[in-house]
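1. with the input below, show me the fold.
(2 chains)
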Amino acid sequence: MSEQSSNHEQGHPGVGTYLTVAAVLAIITLVEVGVFYVPAFQNILAPVLLTLSGAKFVLVVGFYMHLKSDHQLFRVIFTVPLLIAIAVGVALLFLFGVVTLT
Amino acid sequence: MSEAVAGHYTSTGLDSRKIGLWTFIGSECLLFGSLISTYLVYKGKSVVGPTPQEILNIPLTSISTFDLLMSSLAMVLALAAVSRGDKVWSRVWIATTAFLGLVFLGFQVYEFTSFVHEGLTLQANLFGSTFFVLTGTHGAHVLAGVIWLLTLLVRSFQGKLGPEKAMNVELAGLYWHFVDVVWIVIFTVVYLLQ
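-> Numbers count the residues shown, from 1 in each chain, chains lettered A, B, ... in the order given. Reported below is the predicted structural model:
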């Protein structure tokens, strides 16, 4: 069991990394809210916010959920349904005419 | 055989509970994907108010988003403390995570109550239906996470949460971080992209 516990932390980031990621997440959230209130960004609000949100998503999944350093099988188990969910969502948006190619 | 059972190992050498939880999280991606898609499909199609622009409180939700992000930090610090056998700090961080989860739920209860007072209910319009179902489902997940964390806290006070049980905390952490990640998407899609 002790071997299991020592193996458990192998590859996990340290406390310093966790704090750095938290600081970056907080800064990105502040930027998101800031961008929302700046009129100059209104035309490019969607791509900017989706990019920032995607960055937060990757940081949490990669560092806090340890997917960056964990076994590849976990990445597959998570990524495949995620991609299916995104594909279904995009298909629905096209199907209901929310998004069009023209 | 008894070691394999005790460690919940599979033929891959990975913990079966962890594989199970990741599979569950994968299925949750599909659940929240469908709810977010439904919200987007019906966005802007309400024939009566209140509309998102009239009712959503961005400053308040920004604070609750920050609160949930910081709860994720507390969660990883709890896992680190449990892994190194630090009982005091593991209790502090688990309790902090649960507390921040409760604070988030408090914000959500306040938000829902004020929306209902302003005329936005589940039946009021398409925005109300999709908004309450999406954020309510997420809130239910946060509540389940808080209960899970509180059981870990009780186990810790019973002296049953040592380094050999770090996987139990990691599993709760995976669930908690997933709930956080879902909120990151909801905050952007529902609140900021109006």
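
2. quick one: buried residues of stretch A:74-92?
-> By neighbour count, with 16 or more other CB atoms under 10 Å in any protein chain shown as the criterion, the buried positions of stretch A:74-92 are A:74, A:77-78, A:81-82, A:85, A:89, A:92. (C-beta placed from N, C-alpha, C; glycine too.)

3. quick check, nearest of these to chain B?
-> Sorting these by distance to chain B puts A:Ala85 at the head of the list, at 2.8 Å, by CB to the nearest CB.

4. how close does A:His71 get to chain B?
-> 6 Å (CB to the nearest CB, to the nearest Å).

5. apart from its neighbours in sequence, what residue is nearest the residue of chain B found nearest chain A?
-> For chain B, the residue closest to chain A is B:Gly33, as judged by CB to the nearest CB, at 2.8 Å. Using CB to CB, 6 or more residues apart in numbering or on different chains and skipping residues adjacent in sequence, the residue nearest B:Gly33 is A:Ala85, 2.8 Å away.

6. in chain A, which segments are predicted with low confidence?
-> A:1-11 (pLDDT under 70).

7. mind doing that once more with 80?
-> Applying pLDDT under 80 to chain A flags the ranges A:1-11, A:102.

8. what about the helices in it?
-> Secondary structure of chain A, counting by DSSP state H: helices at A:2-8, A:15-37, A:45-59, A:72-95.

9. returning to what we had before: what residues are up against the residue nearest to B:Gly33?
-> For A:Ala85, the contacting residues are B:29-30, B:32-34, taking CB atoms under 8 Å, 6 or more residues apart in numbering or on different chains as the criterion.

10. quick one: which of the residues you listed sit in strands?
-> Helix and strand membership here follows DSSP state E; of the contacts of A:Ala85, not one is in strands.

11. pipe these into CSV and attach pLDDT per row.
-> Conversion of the contacts of A:Ala85 to CSV gives the following (pLDDT from 0 to 100):
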residue, pLDDT
B:Cys29, 97
B:Leu30, 97
B:Phe32, 97
B:Gly33, 97
B:Ser34, 96
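
12. among those residues, which ones are buried?
-> Here the buried ones among the contacts of A:Ala85, as counted with 16+ other CB under 10 Å, turn out to be B:29, B:32-33.

13. helices - which of those land there?
-> Among these, the members falling in helices (DSSP H) are B:29, B:32-33.

14. taking the centroid of chain A, which residue is nearest it?
-> Computing the C-alpha centroid of chain A and ranking residues by CA atoms, centre = their mean puts A:Phe57 first, at 1.3 Å.

15. now that residue: how far from chain B?
-> For A:Phe57, the distance to chain B - CB to the nearest CB - is 6 Å.

16. coming back round to it: just the closest of the buried ones among the contacts of A:Ala85 to B:Met167, please.
-> Looking at the buried ones among the contacts of A:Ala85 and their distance to B:Met167, the nearest is B:Cys29, at 22.3 Å (CB to CB).

17. tell me who's in contact with the closest one.
-> Applying CB under 8 Å, 6+ apart as the definition, the contact partners of B:Cys29 turn out to be A:78, A:81-82, A:84-85.

18. and it, how far is that from A:Val80?
-> According to CB to CB, to the nearest Å, B:Cys29 stands 9 Å off from A:Val80.
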